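>>> Give me a model of this one.
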Amino acid sequence: MRAVVQRVSRASVSVDGFQIGEIGSGLAVLLGVGRDDGPGDARYIAEKTANLRIFADESGKLNCSVAELSLEVLAVSQFTLYGDCRHGRRPSFSKAADPAPARELYELFVDDLRARGIRVATGEFQAYMKVEIINDGPVTILIDSKKSF
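Sure thing, here's the model as predicted:
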């Protein structure tokens with residue numbers, strides 16, 4: 001499982017011109033599910049997301065997490081994180097999970113964050129979405145449950 005985690009001052013997601021999710025200060029997470037991923041991968045990414053220390057403390061050091069500060073998360077599924085561009089010009093998505101297991105693991109990720117007391121707004125799985133992200137910093141972190149980067 002792969003996640004692009006961005007510290008944001010605000011973020012929102014819309015489908016068909018209607019805003020379906022929005023957050024204030026917190027994290028926008030673009031989440032891709034791989035063919036070989038399972039529940040452990042979803043829990044790993046959720047734990048990392050909740051506890052990633054990328055918010056400033058009173059000294060200005062990146063020492064606080066979204067969980068510690070009671071901030072929000074916008075979680076958006078994005079299978080294109082498994083796009084492989086090494087050959088040719090059109091990405092291959094053969095390593096992305098099929099929709100049914102991907103949805104299950106995406107929902108497990110969201111449920112895990114909510115169980116930690118974090119407010120989570122979401123996109124719509126398999127929908128064409130417009131995502132607005134106001135990156136704060138900018139701070140962007142890549143997380144991979146297989147630790148390939």
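>>> C-alpha only now, for contacts and for neighbours.
Noted.
>>> right, and Lys95 touches Gly32 too?
No. Taking contacts as Cα atoms under 8 Å, Lys95 lies outside contact range of Gly32: 10.3 Å.
>>> Common neighbours of these two, please.
Residues touching both Lys95 and Gly32 (Cα atoms under 8 Å, 6 or more residues apart in numbering) are Tyr82.
>>> higher neighbour count, these two?
More neighbours surround Gly32 than the other of Lys95 and Gly32, with 24 against 16 (other Cα atoms under 10 Å).
>>> what element comes up after the lengthiest helix in the chain heading to the C-terminus?
Longest helix in the chain, counting residues (DSSP state H): helix 99-115. Downstream of helix 99-115, the next assigned helix or strand under DSSP states H and E is strand 119-122.
>>> Run through who's touching that next one.
Contact partners of strand 119-122, identified using Cα under 8 Å, 6+ apart, comprise 13, 20-23, 71-76, 110, 113-114.
>>> contacting residues around the residue nearest to Ile20 when sequence neighbours are not counted?
Leaving aside its sequence neighbours, Ile20 sits nearest to Ser14 (Cα to Cα, 6 or more residues apart in numbering; 5.4 Å). Applying Cα under 8 Å, 6+ apart, we find Ser14 in contact with 20-21, 123, 129-131.
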